[in-house]
Every structure is written in structure tokens, then in C-alpha cells.
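Engineer: let me see the structure of the following:
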Amino acid sequence: MCGIAGFYGSDMNQSQLLTMREALVHRGPDAQGQFIKGSCGLAHTRLSIRDLSGGVQPMTRCFHGRKATIVYNGELYNIRELKYRLLPFSIPFETTGDTEVLLYSYLVFGPKIFKELNGIFAFAIYEQDRLLLCRDHLGVKPLFYYYQNSQMVFASEIKGIFAYGIPAELDETSWCEILGLGPAHTLGNGVFKNIQEVLPGQYLIVDSTGLKEYCYWKLTGQIHDDSYEDTVAHCNSLILDSIKRQMVSDIPICTFLSGGLDSSLVSAVVAKELGDTPLNTYSFDFVDNNINFQSNSFQSTLDRPFVDVMKKHIQSNHRYLECNNSQQIDYLFKAVDARDMPCMADVESSMLYFCSVVSEECKVTLTGECADEIFGGYPWFHQERFLHQKGFPWSMDLSPRTALFREDFINQLPLESYVRTQYEDTLSSCPKVDGESSPEEKHREMSWLNIRWFMMTLLNRMDRCSMYSGLEARVPYADYRILEYVFNIPWEFKCHHGQTKSLLIECGKNYLPKEILYRKKSPYPKTYDPGYEQQLGQMVLEELHSNPRLKQIIDLPKTEQFIASVKDYGRPWYGQLMAGPQLLAYILQIGYWLRKYNLSV
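Structural biologist: Okay, the predicted model is just below:
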């Protein structure tokens, strides 16, 4: 896993390219390289996972008179199949890694091969005075760019683009993204003015004639004819194949283990495949959460008892990680550094901290991310009020998220219409099946909303949190083959006899004990320490008094009253558990963001 950056259409010198590369060195601290030819520059910083001694990038190869150079971030899990397809062409492979396989596959087959790549990736290829940028099917790996006046600048993270010299600026759309949709953002929108991202399943080509966008893969609506039994069998095959493929590594791997169905299944399969070699597993919680925890409809139990069951069941080498208040608050600001913008508040800062600890012992982890979005695990899949209301189910009401902002600032932004437009545009692009019943169509739309929005937010969190410390986090459930199949399975199969995520449970029956299989959905943990909220409140007031930019947008009297009166966690404003404390944390992140990038309101 790596960081990539570069430019096209500008005569920049090597030192400026190195500045871009250095901005991303956390993503790949093991090796660095660069390439400049004419008006194109490519930079790479490497986290060595496969072919540790080879695979140096940028990599240049020739085939039948064509020469191309690549910088690549990601992992391919089907290089055996790709190599088999290349056999008739007598390719003189010099490495055992996936970078060379990818580059030769492109040189032989062209962009049509992109659809057949199984993995997580973002890459740039320079050939014959043109630049190609490509991102994986589901958008697991990030790729941002700036394109103005025939000049292209790109990077794995936005900070790489700013390192080139592009100014960090905001406009009305930026604020609509941050306040109306955040911590999510519209696909393709980089939040900062003139910053965009390559869309999942697409590639761009930039040359002297301009920029052209191409779609190599998209999700489609299909009639599902398989019986329930056949559906279960095919899901099992896809899930197990994806997990086993994603174990590929030339260094030891580990897993994140919460004691929930999703991560437990991944961990159990990996442990079984490792055989006599014990699997290293990690779970996350907060200091004194066993004392402060407050059971609620979304999070009814702590993870620890279920982690205890699983570590014994798979005989893993387990480490319980905990985060205290000061660490969580400190990492709120590092999370903005990692993401380049306000993000999921302490839901992100704690994950960033945990990843930093794991990275000291392991460089590759497998996670249970994306199962809920694909298999229908969230409450809003199952409650009629969410299925029939208009709006994003994880953020139905904008009032909690704007309650502490100044009215003169909020009223000048078209927040309601902006959010409504993004919601309606997403629904209008939902792949449909002719003749589908209204209830089935509603569930299909809910799946689509989650795939395009909630899943992307969590994938962005996982990438930036892990790669900030040079940790590669893999997501077996985010295999495009799984999504293609499961998206079109009828809801009565996904929730068979009323059982949430029944298809995943069927897969887990051969691997997991019943108390794990049928555990009620529990989200990523958060602290319930009242002292944490008190610290946040004090810090927000201090930030307001010292940061004139934040004071331009936050209402001080409202904030003081809110901090003084809140005695519980309030109403969630994003997802299931981001409520009062997380709103204060988000405001802190906005204040830091404005200062860090010297942004004008």
C-alpha cells in the first residue's frame, strides 16, 4: 500500500515533485521514488507488503514498442489469473509483485482490463505524452485531482495537491458539504474549491486535447432467479474466496476483532487458513467504559464479553486496546491532518489512535467494514419510517447539526436544497429492475444510498486512519463481485424469516459460536465518560475566544447554553451515535481546520 502523486501539463522541477511526495510519506515510509519526463511528473512512497526487495516505483515497462510508467497504490488479489491471461505474450517478469502484473496487463489489453482487476487500487500511468488516472470499483483507495487550464495535479490525499502549490480555498459548496452532509461528502467532490476525486469504477485520460472521463464498471440491476439455498451457497463461496484472497502478503497479517458478526467471521476464516500459526487480533474500547457505559437501542452491550468468546474460539493472540480522553482529544486534530478536513469526530480520532498502535506491531490488517451496508445491517434497513421518509436515513434532520451556528451564516447557505438535491440525484441513479414491487424497490434504494454514501464515509475513514501510520487495512466484504451479487438479492433472502443479515449468518454457521452469530448489531464503540464531554465543552469555548474565523460561524451564547445544559448524549446528527459530544468535537475540528489551512469563511 502506498501514496501516489504527480502532475501533467506543467514544467515543474524535481524539488517541487519531492515536496508532494513528502506530504504523503506516512502512507509509505519504506521507500520513495519519482519520475519526470517533459510536462509529467510522478511520485511514489511505498509501504512494502509484497515482493519486499522488488516492486520499486515508479515502474517503467515496454511491450511491442510501447513504453509506460506507473505509480500505484493498492493490492490486487487476482494476479494469478491475470498472469495466466498474459502467458501467451511471453512477458519477461522481473518481480513477483502486483505492480508489474498490472502494468503489463494494461500494455497488453488496454483499459478494458480494469474491470477484471480484483482489488483495492488507485494508479496513474504515463504513456506517449498522456496521463491516465484510475480508481478501484468501489472507491476503497482515494485519488484526488485538480484540473484547471489544461493542468492536472493529483494525489492520494488532498495535502499532496496543496504541496504542489494549489491554494486551499472554500466556496459555498464547500460549506454545504461540511455542514449539510459532513462527515460524508458527495462522490467526486473534494470539498475544497476546484478539488475533485476520480469516481469509483472510472478512469480519466488527460492529454493535449483535454480531460476525458470513462466508466469501466458500474453496478446494475438484475433479476435474481437463484433459490434461497443456491443464494446462500453462492454468497458463502464469494465471501470465503474474498477473505482468503485478501490474506496474500509477504509479511504477517492481523485482524480487527470487535466480537460482532462481521469482524468475527473474517477473523475465524483467517485463523483457520493460518492453521498452526496463531492469528494476531485487536479490539478497541475506552478507558472505564465498563463503568460509564449506557445501554441504548443502538448499542445494547459492550464488545468485551464477545471478544472474549471469539479469542478463545479461534485461539488468537489477542490484544485489548483502550483509548483515554486525552488521547482521543489529541487525535481529533491529527484526524483532520489525516483526512485534510473535519471528519467523524471521535469516531475517527479513536480509530486513528488505535491504528497507530497496531501499526507498531503489524503492517496489514483485515477488517469487517462494509458488511452492514451490503447485507443490510443498519436499523434504517428494517424500520418502515426510514424506508418511506425522504432524506438520508443517517441524517434525517439538519437542525441538530446546525444548532450552534450563527443564523446569519447558516441562512446564507442553501443547505436544505443542497442536501435534497444530492439525495434525489443519488436515488435517480439507483439501478432498477423493471416490474419490481414497491417494497422491494424501497429496499434497493436504501441499499444504494448506503453504498454510495455511508459505506464511502467509512471506507474513507478506514483508509486515512490506517495509512496515516503506514498500516494497510483490507476490506474483504468490499469485493465488487460480492456487491454485484448481493445488491440484486431480494430483501426476503437478506432478512430471511426476519433475521438481520441472514446471508452472512448462514456463512458464519461453520465458523462461529451461536452467541456471536446472533449477537444484535452493535456499532463502533464510543466513550460514555461524562468527563470527555466536559473537556470538549471547555476546549470549544477556548477555541471560540481565540479563533476569530470560528467565531464568524459559531454562535457563542447558544454554544455556552448548550455546554451548560447538556446532561445526556442528545439526538444523533449523523449515524447512530454521533450526538452532543461528537457535535462539539466536530466544531473543534472545524476550528482547527480553518486555522491549519488559513481558510477564509
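Engineer: which residue is nearest the middle of the chain?
Structural biologist: L459 (1.4 Å; CA atoms, centre = their mean).
Engineer: unless I'm mixing things up, that residue is touching Y477, no?
Structural biologist: No. Using CB atoms under 8 Å as the test, L459 is too far from Y477 to be in contact (10.8 Å). The way it works is simple: take the backbone N, C-alpha and C, and place the C-beta from them, glycine included.
Engineer: who touches both of the two?
Structural biologist: E369, C370 (CB atoms under 8 Å, 6 or more residues apart in numbering).
Engineer: which residues touch the residue nearest to the centre of the chain?
Structural biologist: By CB under 8 Å, 6+ apart, the residues touching L459 are L138, G139, V140, E369, C370, V475, A478.
Engineer: what would the residues you listed look like in JSON lines with pLDDT?
Structural biologist: Conversion of the contacts of L459 to JSON lines gives the following (pLDDT from 0 to 100):
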{"residue": "L138", "pLDDT": "98"}
{"residue": "G139", "pLDDT": "98"}
{"residue": "V140", "pLDDT": "98"}
{"residue": "E369", "pLDDT": "97"}
{"residue": "C370", "pLDDT": "97"}
{"residue": "V475", "pLDDT": "98"}
{"residue": "A478", "pLDDT": "97"}
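Engineer: one step back: could you tell me whether the residue nearest to the centre of the chain really is in a strand?
Structural biologist: No. According to DSSP: H, G, I helix; E, B strand; the rest coil, L459 belongs to no strand; its state is helix.
Engineer: where does T559 land in three-state SS?
Structural biologist: helix.
Engineer: next secondary structure after the helix or strand bottoming out on mean pLDDT in the chain?
Structural biologist: Every helix and strand of the chain was ranked by mean pLDDT, DSSP states H and E. The lowest is helix 289-292, at a mean of 84. Scanning forward in sequence from helix 289-292 by DSSP states H and E, the next helix or strand is helix 304-314.
Engineer: buried sites along that next one?
Structural biologist: Residues R304, F306, V307, V309, M310, K311, H313, I314 are the ones in helix 304-314 that count as buried (16 or more other CB atoms under 10 Å).
Engineer: where exactly do the helices run in the stretch 51-200 of the chain?
Structural biologist: Shown for the stretch 51-200 of the chain, the helices assigned by DSSP state H, counting those that start in this stretch span residues 79-86, 98-109, 158-164, 172-175.
Engineer: to G33, which of those helices lies closest?
Structural biologist: helix 98-109 (11.4 Å; CB to CB).
Engineer: list the buried ones in the closest one?
Structural biologist: D98, T99, E100, V101, L102, L103, Y104, S105, Y106, L107, V108.
Engineer: ok, stretch 450-469 next?
Structural biologist: 450-469.
Engineer: convert that stretch to PDB, retaining C-alpha atoms only.
Structural biologist: Taking Å, rounded to 0.1, in the frame of the first residue of the first chain, the C-alpha atoms of stretch 450-469 are listed here in PDB:
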ATOM      1  CA  ASN A 450     -25.800   3.200   1.900                       C
ATOM      2  CA  ILE A 451     -23.400   2.000  -0.800                       C
ATOM      3  CA  ARG A 452     -22.900   5.500  -2.300                       C
ATOM      4  CA  TRP A 453     -22.800   7.400   0.900                       C
ATOM      5  CA  PHE A 454     -22.500   5.700   4.300                       C
ATOM      6  CA  MET A 455     -20.100   3.000   3.100                       C
ATOM      7  CA  MET A 456     -17.900   5.600   1.300                       C
ATOM      8  CA  THR A 457     -17.600   7.600   4.600                       C
ATOM      9  CA  LEU A 458     -16.500   4.500   6.500                       C
ATOM     10  CA  LEU A 459     -14.100   3.500   3.700                       C
ATOM     11  CA  ASN A 460     -12.600   7.000   3.700                       C
ATOM     12  CA  ARG A 461     -12.200   6.800   7.500                       C
ATOM     13  CA  MET A 462     -10.500   3.400   7.400                       C
ATOM     14  CA  ASP A 463      -8.100   4.400   4.600                       C
ATOM     15  CA  ARG A 464      -6.900   7.700   6.200                       C
ATOM     16  CA  CYS A 465      -6.800   6.300   9.700                       C
ATOM     17  CA  SER A 466      -4.800   3.200   8.800                       C
ATOM     18  CA  MET A 467      -2.500   4.800   6.200                       C
ATOM     19  CA  TYR A 468      -1.600   7.800   8.400                       C
ATOM     20  CA  SER A 469       0.500   5.300  10.400                       C
END
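Engineer: helix, strand, or coil at M341?
Structural biologist: Assigned by three-state DSSP, the conformation of M341 is coil.
Engineer: so for it, what's the pLDDT?
Structural biologist: pLDDT recorded at M341 is 98.
Engineer: Q16: which of the contacts of L459 is nearest?
Structural biologist: Set against Q16, the nearest of the contacts of L459 by CB to CB is G139 (28.3 Å).
Engineer: which residues in the stretch 101-250 of the chain form strands?
Structural biologist: With DSSP state E, counting those that start in this stretch as the criterion, the stretch 101-250 of the chain has strands at 119-127, 130-135, 144-148, 151-155, 196-197, 202-207, 210-215.
Engineer: turn the ones you listed into a markdown table, including distance to S356.
Structural biologist: As requested, those are arranged in a markdown table below (distance: least, CB to CB, whole Å):
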| stretch | distance to S356 |
| --- | --- |
| strand 119-127 | 21 |
| strand 130-135 | 26 |
| strand 144-148 | 23 |
| strand 151-155 | 22 |
| strand 196-197 | 25 |
| strand 202-207 | 32 |
| strand 210-215 | 36 |
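Engineer: in TSV, list the ones you listed along with mean neighbour count.
Structural biologist: Listed next are the strands of the stretch 101-250 of the chain as TSV, based on neighbours: other CB atoms under 10 Å:
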stretch	mean neighbour count
strand 119-127	25
strand 130-135	22
strand 144-148	20
strand 151-155	25
strand 196-197	20
strand 202-207	20
strand 210-215	12
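Engineer: in CSV, list those along with distance to C323 and mean pLDDT.
Structural biologist: Formatted as CSV, the strands of the stretch 101-250 of the chain follow (distance: least, CB to CB, whole Å; pLDDT from 0 to 100):
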stretch, distance to C323, mean pLDDT
strand 119-127, 26, 97
strand 130-135, 32, 98
strand 144-148, 29, 97
strand 151-155, 29, 96
strand 196-197, 30, 98
strand 202-207, 37, 98
strand 210-215, 41, 98
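Engineer: of the buried residues of helix 304-314, which is the nearest to F286?
Structural biologist: R304 (11.0 Å).
Engineer: which residues are in contact with the spatially closest residue to W453 that is not a sequence neighbour?
Structural biologist: Nearest non-adjacent residue to W453, counting by CB to CB, 6 or more residues apart in numbering: A184, 5.4 Å away. When the contact criterion is CB under 8 Å, 6+ apart, the partners of A184 are F392, S395, W453, F454, M456, T457, Y574.
Engineer: follow-up on the earlier one: mind putting the helices of the stretch 51-200 of the chain into CSV with mean pLDDT and distance to A5?
Structural biologist: Output for the helices of the stretch 51-200 of the chain, formatted as CSV (pLDDT from 0 to 100; distance: least, CB to CB, whole Å):
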stretch, mean pLDDT, distance to A5
helix 79-86, 97, 25
helix 98-109, 97, 16
helix 158-164, 97, 4
helix 172-175, 98, 22
